[in-house]
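Trainee: Sequence first, predicted model second:
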Amino acid sequence: MKTIVAIIVYNRYENIDRWIKCWHKSDQSNAELVVIQNTDRIARPDQIRSICEVNNIQYFERPNIGMDIGAFRDVCQNNIKGFPEFDKLLWITDDVIPMDRNFVHSFTNFDGLACLEISEIRSPLHVRTTGFCINLDMANRLVFGEILTKMDCYNFEHRSDNTLMLQVQRMGYEVKQIAPLEKSVLWDTGNRAHLKRMKEHIREFQDVDYGKVTIICPIFNSYPYIIHSLQAQTYKNWELILVHDGKTETNIRVVLDSIKDKRIMFSETKERSGNWGHKIRAEQIQNLPDSGFVLITNPDNYHVPIYLEKMLQGFVNDSIRATYCAQMVHSYVDWKILECSIKRGFLDCAGVVMRNETAKAVGWNDTESHSADWEFFNDVVKRYGLSVFNKVEGCLLIHN
């Protein structure tokens, strides 16, 4: 019996990257992972297609008509050329992530419709279409009607008398939620973020790579103590961009050569700009790659070894654009613990990790004032709102 695990995506590259890495660590017995992308002028196929090709994962592109249910209909009605045959189809939206390496078996060992969640929130009892498994007979007999708009998707899921759940029951099949949401082998990070299961996910899929963290650090004639706290990080996929403000008069190159860490890159500017290195930050932000994360720090700061790991765990869904640590030890308050918040004087750039695309879109616009980092965060708030910042519990930073 062959199972196809189909992940439907729009433009969340990081989610597909995570899924493929987790899939490599999962039980793939009689199962195959495929990725279907709804594309348009915003969601272009190049990046997601590329990662699928590198990992030998079948990739299917379709026009973004009818969103996820439109894609599901096309699979059931054999409208996607080359889509592999299946006995069972496990359909998953990309903001749902696996919590168990044997997640496929949990869905396929039931003869009826096995689903992540049966809900009656805001409508009669229904199967949420974020994660469910059907057999070929069900797929062939499902009736969709017109699937063009979000409302059409809602009608198929929970707002009509012909929902997925009702159709399957009329066929004579049972419908079953595989487990309580708190213990399920899949977790809907988009709508059930409050369950806070990311630590559990990390434990199950150790060494999951969220993507590269680029650390921007201007420096001026001082030793970069930051290096040692970065080398101690439990999360290893980072790069440090050390930029000396003007020609250095120190032996820093000799020091870096002795460290021999290829993740550390060092350069000098032709002229010193001063102003705490803000011009360097502005230039480096604009040179960031489109994917990944950025941390802007200083050479004398200390990040605890789990800093990057915990900060990245805070990106529980795509609406989160930045995470910040809840407390830090700060030199400005006589080395006492400072409660961090999104206010001037209570948030330092070294205590924030941000998505590259967000940092580039906003830009480091203040290159003159001492509080330029606050102006940077304030610009993010003005553009996207306060809700895009997620607080990560813990005192994770010593600001010198």
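Mentor: Ah, there it is. Numbering: from 1, shown residues only.

Trainee: Tally up the residues packed near the closest residue to residue 399 other than its chain neighbours, please.
Mentor: Leaving out its chain neighbours, the residue that sits closest to residue 399 by CB to CB, 6 or more residues apart in numbering is residue 330, at 4.7 Å. For glycine as for every other residue, the C-beta is placed from the backbone atoms N, C-alpha and C. Number of residues near residue 330 (other CB atoms under 10 Å) recorded here: 20.

Trainee: wait, residue 330 sits on residue 336?
Mentor: Yes - counting by CB atoms under 8 Å, residue 330 sits close enough to residue 336 to count as a contact (7.2 Å).

Trainee: Just name the shakiest helix or strand of this structure by mean pLDDT.
Mentor: The helix or strand of the chain with the poorest confidence is helix 252-259; it has a mean of 80 (mean pLDDT, DSSP states H and E).

Trainee: Give me the secondary structure label for the residue of the chain positioned farthest from its centre.
Mentor: Outermost residue of the chain with respect to the C-alpha centroid, by CA atoms, centre = their mean, is residue 249; its distance is 41.1 Å. Classification of residue 249 by DSSP: H, G, I helix; E, B strand; the rest coil places it in coil.

Trainee: Look up the closest residue to it, ignoring the ones flanking it.
Mentor: Among residues not flanking residue 249 along the chain, residue 221 sits closest, at 5.9 Å (CB to CB, 6+ apart).

Trainee: doesn't the one you found fall inside a strand?
Mentor: No - judged by three-state DSSP, residue 221 forms no part of a strand; its state is coil.

Trainee: show me the contacts for it.
Mentor: Residues near residue 221 by CB atoms under 8 Å, 6 or more residues apart in numbering: 244, 248, 249, 250.

Trainee: Dump these into TSV; add pLDDT as well.
Mentor: Shown next, in TSV, are those (pLDDT from 0 to 100):
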residue	pLDDT
244	90
248	79
249	73
250	74
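
Trainee: Report the two of those separated the most.
Mentor: 244 and 249 (9.7 Å; CB to CB).

Trainee: coming back round to it: centre of the chain to the least confident helix or strand of the chain, how far?
Mentor: 34 Å (CA atoms, centre = their mean, to the nearest Å).

Trainee: Show me which residues of that helix are buried.
Mentor: Residues of helix 252-259 classed as buried: 252, 256 (neighbour count, 16 or more other CB atoms under 10 Å).

Trainee: same for that helix, what does it pack against?
Mentor: Applying 3 or more CB pairs under 8 Å, 6 or more residues apart in numbering; DSSP states H and E, one finds that helix 252-259 contacts strand 264-268.

Trainee: Let me see the mean pLDDT of the strand it packs on.
Mentor: Across strand 264-268, pLDDT averages out at 90.
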